[in-house]
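Visitor: below is the structure, and that's it, no one-letter string:
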């Protein structure tokens, strides 16, 4: 599992994890599952969709390495600038509430 916080923010408050585009994903490929050392993905046998994002909070904030390994361009992440702005907003609110 990755860190419980990122830049002092609880990881659970940060929307950063891959979304699977099932129109592009080949459930047999599994490159992302084999690549990710943080156990973000899971494979469900005999089910559709077979590949799922199981451990969202294990995904390292701003990491997109699994998307780079996907030759089908089937993994999509939130916009980094929007995520950064959200983190700053949470930090600012925490300082003013502290």
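Guide: On my side now, so go ahead. These numbers come from a predicted model, not from an experiment.
Visitor: show me where this protein has strands.
Guide: Taking DSSP state E to define them, one finds strands in the chain at 5-6, 9-10, 19-20, 41-43, 51-53, 75-76.
Visitor: what's the third one packed up against?
Guide: The contact analysis (3 or more Cβ pairs under 8 Å, 6 or more residues apart in numbering; DSSP states H and E) places strand 19-20 against strand 51-53, strand 75-76. No exception for glycine: its C-beta is placed from N, CA and C like everyone else's.
Visitor: rewinding a little: residue 64: which of the strands of the chain is closest?
Guide: strand 75-76 (8.0 Å; Cβ to Cβ).
Visitor: quick one: residue 61 and residue 4 touch, right?
Guide: No - at 11.8 Å, residue 61 does not count as touching residue 4 under the criterion of Cβ atoms under 8 Å.
Visitor: residues that sit against both of these two, list them.
Guide: For the pair residue 61 and residue 4, residues contacting each of them under the criterion Cβ atoms under 8 Å, 6 or more residues apart in numbering are residue 11.
Visitor: those two: which is more packed in?
Guide: When residue 61 and residue 4 are compared for neighbours, residue 61 comes out ahead with 20 against 9, by other Cβ atoms under 10 Å.
Visitor: show me what contacts that one?
Guide: For residue 61, the contact set (Cβ under 8 Å, 6+ apart) comprises 6, 11, 14, 16, 83.
Visitor: give me the buried entries from those residues.
Guide: When the contacts of residue 61 are checked for burial by 16 or more other Cβ atoms under 10 Å, the buried set is 6, 11, 14, 16, 83.
Visitor: pretty sure the second one contacts residue 55?
Guide: No - with contact defined as Cβ under 8 Å, residue 11 and residue 55 do not form a contacting pair (10.9 Å).
Visitor: just the mean pLDDT for the helix ranked longest in the chain, thanks.
Guide: When secondary structure is assigned using DSSP state H, the longest helix within the chain turns out to be helix 80-97. In this model, helix 80-97 has a mean pLDDT of 84.
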